[in-house]
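**Student:** turn this into a model:
(one chain, ligands or ions: 1)
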Amino acid sequence: MTAFKVKATDFEFDNTEWTVPAGKPISITLTNEGKVQHEWAVINLGMDLEKGSDFTEDHVLWEIEKQDAGVTVTESFTFDTPGTYQIVCALEGHVDAGMVGKLVVS
Ligand SMILES: [Cu+2]
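**Tutor:** Okay, here's the model as predicted:
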């Protein structure tokens, strides 16, 4: 299984681009090294946010839900459709503070 790790701090991810194969389960480990809650959400293709206030739950293809400070979780998901997906932490103010990235599924 393809696996990668993401560290979230206040207010960025330790990487801003990840590349994974389509159609295979991907294991993603999120560690929150910040002082406030963070999440790692994959936005549906064609629905990229320009600003955080544009966000609704309808934007989310899949996410590792918000985690408390100090917590590490591992979850897995299969991305069936190739494309470049926007990644955000959609908690209020975090997109605009810089918690964005992209996931390339190829
Ligand atoms: Cu955040």
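**Student:** around the ion, which positions in this structure sit nearby?
**Tutor:** Applying C-beta under 5 Å from the ion, we find that the chain lies next to the ion at His38, Cys89, Leu91, His94, Met99. (C-beta placed from N, C-alpha, C; glycine too.)
**Student:** just give me the residue right at the centre of this structure.
**Tutor:** Trp40 (2.9 Å; C-alpha atoms, centre = their mean).
**Student:** and it, what pLDDT?
**Tutor:** On the pLDDT scale, Trp40 is placed at 98.
**Student:** which helix or which strand is home to the nearest residue to it once chain neighbours are set aside?
**Tutor:** Leaving aside its sequence neighbours, Trp40 sits nearest to Ile64 (C-beta to C-beta, 6 or more residues apart in numbering; 4.5 Å). Using DSSP states H and E, Ile64 sits in strand 60-67.
**Student:** which elements pack onto that strand?
**Tutor:** Applying 3 or more C-beta pairs under 8 Å, 6 or more residues apart in numbering; DSSP states H and E, we find strand 60-67 packed against strand 25-32, strand 38-43, strand 72-78.
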